[in-house]
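S.K.: here's a sequence, model it:
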Amino acid sequence: MKSAAALAMASILGAPFLAVGTQQPLERTDRESYGLMGPVKTFRDERCTLREDPDHPGEFIEDEHRQVYTLTFDLGGRKIKQDPPPCLCDSGFLIDAQKRDKKFDDKGRLVEETGSTLEGELLFRYTYMYDSKGKIAMVANYSADGTVQYKVRHNYDANGNEIETFHYGKGSRLDERRFLVLDDHGNIIGRTVYDAHGTITETAVITREYDSYGNWTKATESELKGSSNSSFIPVRVEYQILTYYGATETSLARD
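M.R.: Sure thing, here's the model as predicted:
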């Protein structure tokens, strides 16, 4: 079973594990909810781990790619197909729901989102709270029986960039705290994780490659390794392989 922190790491439903930080979830197209810009037609998410090449020390090679899902959008940005279909993963965490309902406040901000089966069986519920500047302050996830699964509190700098998150498990237990560094696109490029006692448990940097629309196509995560805590080792890669309406060729993340 994944921990609350691991689930929170997945961000809002369906978001890639190296995806953009949480933004104010105003009513948007499905395409925009995945953080995509431009007339994206299809979006394929692939991930793999990295290992050192035994024949070339210091160089790293990719293991077999795992396709997470492929999405197809219409011209208006509505999701019209998902492969594989929405399902529950092995841990029981919902990757996507067959039916979603959203509630907005009088400022157009999303305050509640529920997911259910086509038969109406409730699968999950998310609630959102905002700070005085309209940024997300707290996201809470509830199971179908109303039990709080986890909560994530978000802090921002003076420019409104997300720089810190607190992850709470059941019973409002603090599981971990994360300090984030974002690039000019608003995507995470650095992360330091502390446990509930303030001990650093992870330090990572993420390098990203972008296409002409401003969508990232490759994200490589490196973690601090070694007793000297001075060497970053690449550990995993995520690809966003995109095609666009009106484009004559596919925007690929790989050579």
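
S.K.: quick one: K218 and V237 touch, right?
M.R.: Yes: the pair K218 / V237 is scored as a contact, 6.7 Å apart, by CB atoms under 8 Å. From N, CA and C alone the C-beta is placed, and that goes for glycine too.

S.K.: so between these two, which is more surrounded?
M.R.: More neighbours surround V237 than the other of K218 and V237, with 22 against 19 (other CB atoms under 10 Å).

S.K.: while we're on the nearest residue to F73 once chain neighbours are set aside, how confident is the model there?
M.R.: With sequence-adjacent residues excluded and distances taken as CB to CB, 6 or more residues apart in numbering, F73 is closest to R31, at 4.8 Å. Note on R31: pLDDT of 91.

S.K.: R31 belongs to a helix?
M.R.: Yes: the assignment for R31, made by DSSP: H, G, I helix; E, B strand; the rest coil, places it in a helix.

S.K.: and the gap between I233 and E64?
M.R.: 20 Å (CB to CB, to the nearest Å).

S.K.: who has more neighbours out of the two?
M.R.: Shown here are I233 and E64; by other CB under 10 Å, I233 has more neighbours (12 against 6).

S.K.: that one contacts S222, correct?
M.R.: Yes: counting by CB under 8 Å, I233 touches S222, with 5.9 Å between them.

S.K.: show me where the stretch 101-250 of the chain has strands.
M.R.: Taking DSSP state E, counting those that start in this stretch as the criterion, the stretch 101-250 of the chain carries its strands at 110-116, 122-130, 136-142, 148-156, 162-168, 174-182, 188-195, 200-210, 216-225, 231-244.

S.K.: contacts only, for A204.
M.R.: Contact analysis of A204 by CB atoms under 8 Å, 6 or more residues apart in numbering lists 190-192, 221-224, 232.
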